[in-house]
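Colleague: build me a model:
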Amino acid sequence: VEICTGAECPPCVAVDLAFDGLLKAYKPADVILMQYHVHIPGPDPLTNPDSEARFKYYRDTFPEAIRGAPSTVFDGKPAAGGGGAMAAAEKKYLAYRAVIDPLLETPAGARLRVKASIAPFVAP
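Modeller: This is a model prediction of the structure:
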């Protein structure tokens, strides 16, 4: 699950809260949740070149579905779009579950293994 959100985006509130609910509902081994911050509608200090590039990729690939923030992508495809205020968070959460749960019943087409390490920062 990938979401594009913005710190100054009022309709992103429901999406952000629903996303937080998904973090509690699913095991990381079952559902990978990625959040990309973008400068929509105003500056967002959590935005970085990678998040902007990912948003651009989806906007260019799905121009009718991905127009701004919030945007949601499930298994590489836009779904359950739109956002809302805090009062809409539960509805968004249930909409996301309605997309995710059937996907979990489908056998995975690939397997992913990740290894990470921390390297000391060296100033240029």
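
Colleague: all contacts plus neighbour counts: C-alpha atoms, from now on.
Modeller: Noted.

Colleague: return, as residue ranges, the portions of the protein with sub-threshold pLDDT.
Modeller: Residues of the chain meeting the criterion pLDDT under 70: none.

Colleague: for residue 89, see how far away residue 37 is.
Modeller: Remark: distance between residue 37 and residue 89 (CA to CA, to the nearest Å) = 18 Å.

Colleague: same check, this time on residue 28
Modeller: Distance from residue 28 to residue 89, by CA to CA: 21 Å.

Colleague: likewise for residue 33?
Modeller: 17 Å.

Colleague: who has more neighbours, these two?
Modeller: The neighbour comparison of residue 33 against residue 89 (other CA atoms under 10 Å) goes to residue 89, with 22 against 15.

Colleague: what residues does the more buried one make contact with?
Modeller: 13-15, 17-18 (CA atoms under 8 Å, 6 or more residues apart in numbering).
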